[in-house]
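K.L.:
Return a 3D structure for these sequence lines:
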Amino acid sequence: MSDPPVKKRKGSIMIDMIIDKSLKDGQTQITTHHADGFIWRLFATRVSSRHVCGWDQLKVYLGCDVDGSSELWLAKTKIQLTDQSIYCRPSTASHSFTSWRPYHNKCQIAQMNPEGIDALFVDIEFESESFVRRPILNLKSDIHDAILVLEGQKIPVDKQVLSYQSSYFNRLFYGDFKESKQDEIEL
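P.N.:
The predicted structure is shown next:
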């Protein structure tokens, strides 16, 4: 069996966000940018930290996703954040976003004092790979050993494949039931 097709891309994008001065404690501002098949989201959340460090903080996150894709994908990024303020504090980060760990697809790239910040600029360089998933079941194939009847529609299936995917079908096809001996099973 051959390896799945791999698509590789390199690119860079710039995302900017004008900071909403009325942002209150716990509120988040989001900017979305579509580029090169990816959805990039820049989040800025104001957090009250006066009891800890004497001032509020602006936590900045970057999120990445692919819209409606059935592919497995990986995007390795180098991120540079620059703010438009009198301090102009650049910060850098790197992160790998993946389809198989979606809870890692948002990373914090900065934490700063929001006073005097008018805008944020994020420059992202990325390298990505995507892999087309192999089909699990080819229903148009002539290779089947049972037919499931669902609402009058006949669906040819391979008992072994369905049994591997579901304990329900495993018991139905190989258990001590009359259906396990039938070639056509009504559901």
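K.L.:
all contacts plus neighbour counts: C-alpha atoms, from now on.
P.N.:
Will do.
K.L.:
Quick one: name whatever helix or strand follows the lowest-mean-pLDDT helix or strand in the chain.
P.N.:
Scoring the helices and strands of the chain by mean pLDDT, DSSP states H and E places helix 50-53 at the bottom, with a mean of 62. Reading on from helix 50-53 to the C-terminus, the next helix or strand found by DSSP states H and E is strand 57-66.
K.L.:
Against which helices or strands is that following strand packed?
P.N.:
Under the contact criterion of 3 or more Cα pairs under 8 Å, 6 or more residues apart in numbering; DSSP states H and E, strand 57-66 touches strand 38-47, strand 106-112.
K.L.:
Show me what the longest one is packed against.
P.N.:
Spelled out, it's strand 38-47. Judged by 3+ Cα pairs under 8 Å, 6+ apart, the packing partners of strand 38-47 are strand 28-35, strand 57-66.
K.L.:
Reformat those strands as TSV; add distance to residue 90.
P.N.:
As requested, the helices and strands packed on strand 38-47 are exported to TSV (distance: least, Cα to Cα, whole Å):
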stretch	distance to residue 90
strand 28-35	19
strand 57-66	13
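K.L.:
out of the ones you listed, nearest to residue 83?
P.N.:
Set against residue 83 and scored by Cα to Cα, those come closest in strand 57-66, at 10.9 Å.
K.L.:
I'd like the average pLDDT over the closest one.
P.N.:
In this model, strand 57-66 has a mean pLDDT of 88.
K.L.:
right, so the helices and strands packed on strand 38-47: which one is the most enclosed?
P.N.:
Mean neighbours per residue, mean count of other Cα atoms under 10 Å, is largest over these for strand 57-66, with a mean of 20.
K.L.:
From the chain's centroid, how far away is the next helix or strand after that strand?
P.N.:
Scanning forward in sequence from strand 57-66 by DSSP H and E, the next helix or strand is strand 72-84. Mean-position distance between strand 72-84 and its chain equals 15 Å (Cα atoms, centre = their mean, to the nearest Å).
K.L.:
Relative to residue 14, how far out is residue 129?
P.N.:
Distance, residue 129 to residue 14, by Cα to Cα, to the nearest Å: 20 Å.
K.L.:
now swap in residue 98 and tell me
P.N.:
Separation of residue 98 from residue 14 (Cα to Cα): 20 Å.
K.L.:
what's the answer for residue 127, then?
P.N.:
Noted for residue 127: a distance of 15 Å to residue 14, by Cα to Cα.
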